[in-house]
Every structure is written in C-alpha cells, then in structure tokens.
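>>> When you get a sec, could you give me coordinates for this:
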Amino acid sequence: MGSDAIGLERVSRTVGYNVKKGNFLQSGPNLPQRIAIFAEANLANQGTLDLNAKEITSAKQAGELYGYGSPIHMAMRILRPFSGEGVGGIPTVVYPQAQAPGAVAKVLELIVTGTPTGNGTHYVKIAGRDGIDGNIYAITITTSDTASTIHTKIENAINNVLSSPMTAQAIGGYEVDLTSKWRGKTANDLTVTVDTGDSALGLTYTVNNVITAAGVPSIAAALAQFGEVWNTWVLNGYGTESTIMDALEAFNGIPLDLNPTGRYTGIVWKPFVAVTGTTSDNPSAISDARADEVTIAFAPAPGSAGLHIEAAANMILLHAKIAQNTPHLDPAGQTYPDMPTPTSIGSMASYENRDSFVKKGCSTVSLVNGKYQVEDFVTTYHLAGETPPQFRYVRNLVIDMNVRYSYLIRERTHVIDHVIANDNDIVSAQNVIKPKMWKSEVADLADDLTLRALTVDSSFMKDSIQVDIGTSNPDRFETEFSYKRSGFSRQSATTATAGFNFGTLTT
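Reported below is the predicted structural model:
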C-alpha cells in the first residue's frame, strides 16, 4: 500500500518516517465504567456550590467541596474509603444539586432523664452508626453527671465527629437538638438512638421528631450535562422518590425494537443503570409499577438504619468493579462492604418472598454473617408475557453495553470516514471498506465476544450478519446481526435417588 511518510510530490533525496496508531489486542477491551453521583450538598456549602459536574477522587475532596456528612460525602466514603481501594480507577463524577426552594432540615430532640448509678460509656448512633471512619460518638458517664452535663457531652460527642451528618446543640441543659446538615426530604432517613451497652446506668434516653425534613430538588440541570459522556452508572441519592425516578427514566429511555427513546436512541446509545437504595421491608410494590422501564435497579438494605444512598453506593461498588474487569460475571453472592445491618431483614429473609420480589422487578439480598449478601440484582423491567424478561438482570444490560462498545471500536476503525467499495472491486487505496471486509470484522467480533464469555454460539451470530450498501443513499453502510447473551448459573437443581443396601440370598 506504500508509505505516506514522504509526500509523493517530493523529489530531493531524503528519508521519512511516521508512526500510526495501531490496535493489536487479541481480545476487545471492556466498556470503561463511569459513576455519576446525584445528591445534595450541605446547607453550609450552598452559597458557594458549583453545579457543574466534577470528578472527585476521594471522600475528603467530597467533604471539602460539598460538606462533610452530606449525602455526596456519605456516598463517596463508601465508593472511595480512606482504608481501601473502593472503585479504584473508575471515575466518580459528582453532579450536585442545589437544595430545593423552601427545603427544610430534619430536627430531632434527644432528652436524657435519670441520675447515673455508675461510671461507663454510652454511644450515640446516627443512621445506624456509632461513629464514622474511626471517630466515635462516645459519651463518658460518671456518677457526678447531671442531665445538663450529659446533654453537653452528647453535643460535643457529635460535633467532634467532622463527618457526622448531623449537628448537635444542647438547649438549656434540658435537651439536645440534632439537625441534619442538609435541607431536603432525604434527611428524613436520619435516625438517632443511644447504645447503652451492658448497662443503662440509671439513664433513659428519649428521641422525639421535632421537624420533618422536606424538599426535593430538580435533577434536570444535572442530566443536561451528560451530553456525549457515557455514564454507565447513576447513583440516585434520592431513593424511591417518584419524581426523581420518573426524571431518570424519561431521560434514559427504553430500548424498544421500533422506537427506542432517550439514551437508547440509535444516534446516542449511551444508556445507564440508576441504582436506587431502599431500606424498606418490601420495595416490590414500587418496582412492580415500573414494569416497562429498564432504568431503575434497587439496592435493597431492608431494616437498615443506614441511609438509602449508602445502600446504592454499596451495590455500585460491587457491580461497577465487576463490569469494569469481568463484565461476564454478576454481583450475586457478594456482600455489601459498609452498610449498617439489623438483626433481621424481615420479609426478604424468606426465599419465597425473594422469588416473588424478583418477579416484580425488585432486587433482593439475604443476611449472612451479619452482612447483606446480594441474591438478585435486577431492574424494574418485567413485562407481562415476556419470558424471560429481556432486561431483567442488570448483567444483561452490562453485556449489551459491552457488545455495543466493542462493535463501536471496530466501526470507528474500519468503517467511519472510509470510502465504500463494492465487494468485487480491486482497490489499492487506503481507508476503503467493502461489505465483505466489514462482515469479516463483525465475524471476528463474534468470536471475541464468545471468547470473553459475554455471548455464546458465535456461529449463530456469524450466520446472522448482513452487510449492505444503502439502496437510496450511497454514503450509507447498513449492518444487522443477532447474538445470544451468555447465561449465569443462578440456580442449581439436582435430583438424587436413595435406596437401601439389601443382602443377596445364597444357598
């Protein structure tokens, strides 16, 4: 084909050399994962809040920009914990939302009564945690304490933990008011209890709700920033708030056969999975009403006193790493690394209930050794009469995304901005594509996808490939193919036949 290191118009004696980009991988790369975090900043950070998307590389950075103890910070301390790798090299990009007009913070009242009968230590628990990242809400009790001094100790114990999601103020020695650091309906997830350990030491702690949080911001401005960026995961910091889920579904769209919408349209095709945390005993009623949608996937933590955004962060941490490195696998059997757990998970403890929940588009977990273990990670999609539902498991969407990405790499290399020639033409020029040449490339893709265990039966895909030059547009290349996603062993059924050993009669 010749080299263009020296232009053909040159005559004088010289040498020329250039380097072109090449791709000699034996296997196609996995789709790079990218996590978009949708959540609120603290009240103290609202005045200087930059609403532009920003990649954050640590929980500390999130705390400095959006407030320690904010929903954004609480998610980031799970995705990027100071004590471990977290999601590693996967970008975590914050799309912050300003608080809603008229938003209200949550306020709780903690009252101590009684006289200490001994010395000891009690612990305040906020959102199921007695501390954050090694900083503990500890109250040292002595027999000389009065209710007033204990209230002051509680105030100090909470305010001395920088990452606490609440602030405390002792009021007149008679109570402690605890206020969420951000204003918005999501603050209603915050709970406060006191762990007295082996002895209450003669004290009684009472928690009353004083002000219920309110306000749900708009995420429209954040969604508008997606553009050509492929965010594969959205961490929905607003739980099962219907207006937020509606907005995510409308923007992401549906992969319909004849009329795809949103991010699934042909000229965009950069869809995402919006992981939505819930601590409800039975969230299946919510998922069941979204049977024709593929966007929302619940991250359940039934009975947890933790925040729903923390449940979502745990699930994304598990599956985003799998999707990045081994997209043919699934998070089933893996445990949430950092989520407050109850002693019982209620309805979801029953297999019968879990089976029912999955059929209604709800993910499930079990409780194993004091941790939530993922059983099924599914979207809300479960159209009646479609067996099995095409987009039930999040893994199926991850496979489809990887097929698209692998195809796109080859398409950009071999098709886009190439001259189209007929199969029988003899051509010596560069950057030329023929239908049979592209069919061969797509056939190689079929083998690659099967090699990576994303699909099976590469021969089926090869036999389905059709490549044509447009009949009404000479600048149009048209390709069709089918593929079979690989299955994942979620059930193992065995029948064993048992009998008795009888002796043999002898004469």
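
>>> which one is residue 195 nearest to, not counting chain neighbours?
The shortest distance from residue 195 to any non-neighbouring residue, by Cβ to Cβ, 6 or more residues apart in numbering, is to residue 123 (4.4 Å). In this view, the C-beta of every residue, glycine as well, is placed from N, C-alpha and C.

>>> What residues does the one you found make contact with?
Going by Cβ atoms under 8 Å, 6 or more residues apart in numbering, residue 123 touches 130, 131, 136, 137, 138, 139, 194, 195, 197.

>>> do residue 455 as well
When contacts are counted by Cβ under 8 Å, 6+ apart, residue 455 is found next to 399, 403, 446, 449, 461, 483, 484, 485, 486.

>>> hang on, the earlier thing: in which helix or strand would I find the residue nearest to residue 195?
For residue 123, the host element (DSSP states H and E) is strand 120-126.

>>> Quick one: low-confidence residue ranges for the stretch 151-300 of the chain.
Of all residues in the stretch 151-300 of the chain, none has pLDDT under 70.

>>> hey, where'd the helices end up in it?
Applying DSSP state H, counting those that start in this stretch to the stretch 151-300 of the chain gives helices spanning 220-223, 242-252, 284-288.

>>> Of those helices, which is nearest residue 438?
Among the helices of the stretch 151-300 of the chain, helix 242-252 comes nearest to residue 438, with 30.0 Å by Cβ to Cβ.

>>> Other residues contacting that closest one?
With Cβ under 8 Å, 6+ apart as the test, helix 242-252 has contacts from 38, 216, 218-220, 223, 226, 234, 236, 238, 262-264, 271-272, 274, 276, 290, 293-296.

>>> Would you map the helices across the stretch 301-450 of the chain?
Remark: helices assigned in the stretch 301-450 of the chain by DSSP H, counting those that start in this stretch are 308-325, 351-359, 394-414, 435-451.

>>> just how off-centre is the longest one within its chain?
For helix 394-414, the gap between its own C-alpha mean and the chain's C-alpha mean amounts to 19 Å (Cα atoms, centre = their mean, to the nearest Å).

>>> tell me what that helix is packed against?
Counting by 3 or more Cβ pairs under 8 Å, 6 or more residues apart in numbering; DSSP states H and E, the packing neighbours recorded for helix 394-414 are helix 308-325, helix 435-451, strand 484-485.

>>> Can I get those in a markdown table including mean pLDDT?
Formatted as a markdown table, the helices and strands packed on helix 394-414 follow (pLDDT from 0 to 100):
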| stretch | mean pLDDT |
| --- | --- |
| helix 308-325 | 98 |
| helix 435-451 | 98 |
| strand 484-485 | 98 |
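
>>> Highest mean neighbour count out of the ones you listed?
Sort the helices and strands packed on helix 394-414 by mean neighbour count, taking mean count of other Cβ atoms under 10 Å, and helix 308-325 sits at the top with a mean of 26.

>>> How many residues are close by residue 285?
By the criterion of other Cβ atoms under 10 Å, residue 285 has 11 neighbours.

>>> Need the nearest residue in space to it, chain neighbours excluded.
Among residues not flanking residue 285 along the chain, residue 360 sits closest, at 7.7 Å (Cβ to Cβ, 6+ apart).

>>> Look up how far residue 295 lies from that neighbour.
Separation of residue 360 from residue 295 (Cβ to Cβ, to the nearest Å) stands at 16 Å.

>>> do the same with residue 505
Using Cβ to Cβ, we find residue 505 at a distance of 71 Å from residue 295.

>>> Give me the domain ranges for this protein.
For the chain, automatic domain parsing gives the domain ranges 35-98+217-395, 107-211, 415-485.

>>> could I get those as a markdown table with distance to residue 494?
Shown next, in a markdown table, are those (distance: least, Cβ to Cβ, whole Å):
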| stretch | distance to residue 494 |
| --- | --- |
| domain 35-98+217-395 | 17 |
| domain 107-211 | 39 |
| domain 415-485 | 23 |
